[in-house]
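Novice: Provided below for reference: sequence and predicted model.
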Amino acid sequence: MSTAPQMKIPATYLRGGTSKGVFFKLDDLPEACRQPGAARDKLFMRVIGSPDPYAAHIDGMGGATSSTSKCVILSKSSVPDHDVDYLYGQISIDKAFVDWSGNCGNLSTGAGAFAIHAGLIDPARVPQNGTCVVRIWQANIKKTIIAHVPISNGQVQETGDFELDGVTFPAAEIVLEFMDPSDESDGAMFPTGHLVDDLEVPGVGTFKATMITAGIPTVFVNAQDIGYTGTELRENINSDAAALKRFEQIRIAGALKMGLIKTPEEAATRQHTPKIAFVSTPKSYTASSGKQIKAEDVDLLVRALSMGKLHHAMMGTCAVAIGTAAAIPGTLVNLAAGGGARDAVRFGHPSGTLRVGAQAVQENGQWIAKKAVMSRSARILMEGCVRVPSDTF
């Protein structure tokens, strides 16, 4: 029986977009956890309350969903022309691992705000009133994110009238710019070299798929091809074990085709990427809040899974992939939105709608994403110290 005392670690519990997580300054972590490795992973799992066979996170800060099982580390940037380095860990709910393979677009909003709150930004760059531009180096995927954070009376403005579907209360708007979000190494934005592929899924079938690396690696399929309408809510998918298994099989086939994994077994420890999403043409539906979404108010419908479950709204990084794919004529996302050239789309998701803009150009026969833009919000929920047993790592 362990009788080790608990240790206190300074931390901030923060909502960013439609996610929330525990934020740490790198220098506040125990020394053994300041470098990547087993000690850091064990700490973050204990903070969140994983692995939890009850899938409830009663004994941790997690919320037992992919949107609420997250930890973030921020530090002054080691990269020129950036303010902070932002490292994100997606903690598995019922398994003992932390996935570092991708970014969280929603918590990118929180990274900009937290950087100011935590004193990681030169005070001379923070206006008394106006907007502070925070240059973020996303260390997981080695990309630049620019956050435009509103400032009031020298402090981050958190309250406001910006409404974000999937978030209960309005808050202050933070504009995010994801710079050069596509993966330009080893195969560019479309790893297979095609805008649309025939994706063979053993034991399931063959489906048209757009596989793109922009924001986060994502596999898009047509809702109709897999027996859905695109209007589904969480309970329609997450209560169907057979459906979830089939989605995972499609995701694994996509990961193999994109070169993200070499064997199907590797997917078990790479749950965060790629994402699997399905798209359809506009239809009217009732969002999870009861809000009526009219077909004429959206360009297309998208539903996406995160960590094996349908997301309650939309992952920020997946929204980047949606906006980028929509900007490129011929992808499944673009075709669902009506085809043709476009620099922004408003799509319907389970909680409502979201608008995302993107700029994509073709250079030397390759599509390249220059930028994706969207608005989110962030708010500190609690700050102080998180406690974990001192023998955690």
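Specialist: On my side now, so go ahead.

Novice: alpha carbons only for contacts and neighbour counts from here, please
Specialist: Fine.

Novice: which stretches of the stretch 51-200 of the chain have low pLDDT?
Specialist: 183-187 (pLDDT under 70).

Novice: rerun at 90
Specialist: 182-188 (pLDDT under 90).

Novice: buried ones in stretch 211-231?
Specialist: Buried residues in stretch 211-231, counted by 16 or more other Cα atoms under 10 Å: 211-223, 226, 229-231.

Novice: typo on my end, it should be stretch 98-112
Specialist: 98-112.

Novice: endpoints of that stretch, how far apart?
Specialist: End-to-end distance of stretch 98-112: 23 Å, with Cα to Cα, to the nearest Å as the criterion.

Novice: I'd like to know how far the spatially most central residue of the chain sits from A336.
Specialist: Centroid-nearest residue in the chain, with Cα atoms, centre = their mean: C104, separated by 3.3 Å. Look at C104 and A336: by Cα to Cα, they are 25 Å apart.

Novice: again with I237
Specialist: From I237 over to A336 the distance is 21 Å, taken as Cα to Cα.

Novice: what do you get for I293?
Specialist: According to Cα to Cα, I293 and A336 sit 17 Å apart.

Novice: equivalent analysis for K208, please.
Specialist: Distance of K208 to A336, given as Cα to Cα: 13 Å.

Novice: out of those two, which sits in the busier spot?
Specialist: When K208 is set against A336 and neighbours are counted by other Cα atoms under 10 Å, the residue ahead is A336, at 20 against 15.

Novice: what helix or strand is Q90 on?
Specialist: strand 84-91 (DSSP states H and E).

Novice: in three-state terms, label A4 for me.
Specialist: Look at A4: counting by DSSP: H, G, I helix; E, B strand; the rest coil, its state is coil.

Novice: how many residues are close by it?
Specialist: With other Cα under 10 Å as criterion, A4 counts 11.

Novice: what sits against it?
Specialist: 389-391 (Cα atoms under 8 Å, 6 or more residues apart in numbering).

Novice: ranges for the helices of the stretch 201-350 of the chain?
Specialist: Secondary structure of the stretch 201-350 of the chain by DSSP state H, counting those that start in this stretch: the helices cover 234-238, 241-258, 316-326, 332-336.

Novice: cool, the stretch 1-150 of the chain as well?
Specialist: All helices of the stretch 1-150 of the chain, identified by DSSP H, counting those that start in this stretch, fall at 38-48, 105-117.

Novice: neighbours of A241, just the number please.
Specialist: When neighbours are counted by other Cα under 10 Å, A241 comes out with 10.

Novice: pLDDT at it, what is it?
Specialist: pLDDT, A241: 97.

Novice: how close does it sit to V298?
Specialist: Distance from A241 to V298, counting by Cα to Cα: 30 Å.

Novice: can you pull the contacts of R303?
Specialist: 230-232, 277-279, 310-311, 314, 349-350 are the contacts of R303 under Cα under 8 Å, 6+ apart.

Novice: for these, give me CSV that also has distance to Q35 and pLDDT.
Specialist: Shown next, in CSV, are the contacts of R303 (distance: Cα to Cα, whole Å; pLDDT from 0 to 100):
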residue, distance to Q35, pLDDT
G230, 42, 98
T231, 43, 98
E232, 41, 98
A277, 34, 98
F278, 37, 98
V279, 40, 98
L310, 32, 97
H311, 31, 97
M314, 31, 97
H349, 37, 98
P350, 38, 98
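
Novice: keep only those of those residues that are in strands.
Specialist: In strands, defined here by DSSP state E, the members of those are 277-279, 310, 349.

Novice: what is the nearest of those to N140?
Specialist: N140 has its nearest neighbour among those in A277, at 21.8 Å by Cα to Cα.

Novice: and for that closest one, the neighbour number?
Specialist: 25.

Novice: so it touches F220, yeah?
Specialist: Yes - contact criterion Cα atoms under 8 Å: A277 and F220 qualify, at 4.9 Å.

Novice: contacting residues around I216?
Specialist: By Cα under 8 Å, 6+ apart, I216 lies in contact with 102-103, 273-275, 317-318, 320-321.

Novice: in the stretch 51-200 of the chain, which spans are strands?
Specialist: 70-76, 84-91, 98-99, 130-138, 143-152, 155-156, 174-179, 197-201 (DSSP state E, counting those that start in this stretch).

Novice: dump the fourth one to CSV, restricted to CA.
Specialist: What follows is the C-alpha trace of strand 130-138 in CSV, where atoms were taken according to Å, rounded to 0.1, in the frame of the first residue of the first chain:
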residue,chain,number,x,y,z
GLY,A,130,-6.6,46.3,-28.3
THR,A,131,-5.1,43.1,-29.6
CYS,A,132,-2.0,41.2,-28.8
VAL,A,133,-0.6,39.1,-31.6
VAL,A,134,0.9,35.9,-30.1
ARG,A,135,3.3,33.9,-32.4
ILE,A,136,3.0,30.3,-31.4
TRP,A,137,5.3,27.5,-32.5
GLN,A,138,3.3,24.3,-32.4
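
Novice: and the angle for it with strand 84-91?
Specialist: Angle of strand 130-138 versus strand 84-91, following axes from the mean of the first three to the mean of the last three Cα atoms, to 10 degrees, is 60 degrees.

Novice: and the angle for strand 130-138 with strand 174-179?
Specialist: Per the same axes, to 10 degrees, the angle that strand 130-138 makes with strand 174-179 is 40 degrees.

Novice: just how off-centre is strand 130-138 within its chain?
Specialist: Averaging C-alpha positions (Cα atoms, centre = their mean, to the nearest Å) puts strand 130-138 18 Å from its chain's average.

Novice: over to the fifth one?
Specialist: Its chain's C-alpha centre lies 17 Å from the corresponding centre of strand 143-152 when counted by Cα atoms, centre = their mean.

Novice: likewise for the last one?
Specialist: Average the C-alpha atoms of strand 197-201, do the same for its chain, and the two points are 25 Å apart (Cα atoms, centre = their mean).

Novice: how about it: buried residues?
Specialist: Buried, per 16+ other Cα under 10 Å, within strand 197-201: 197, 199-201.

Novice: ok, that strand: who's next to it in the sheet?
Specialist: Sheet pairing here is set by DSSP bridges, and for strand 197-201 it gives strand 205-214 (antiparallel).

Novice: having no further points to raise, I will conclude here.
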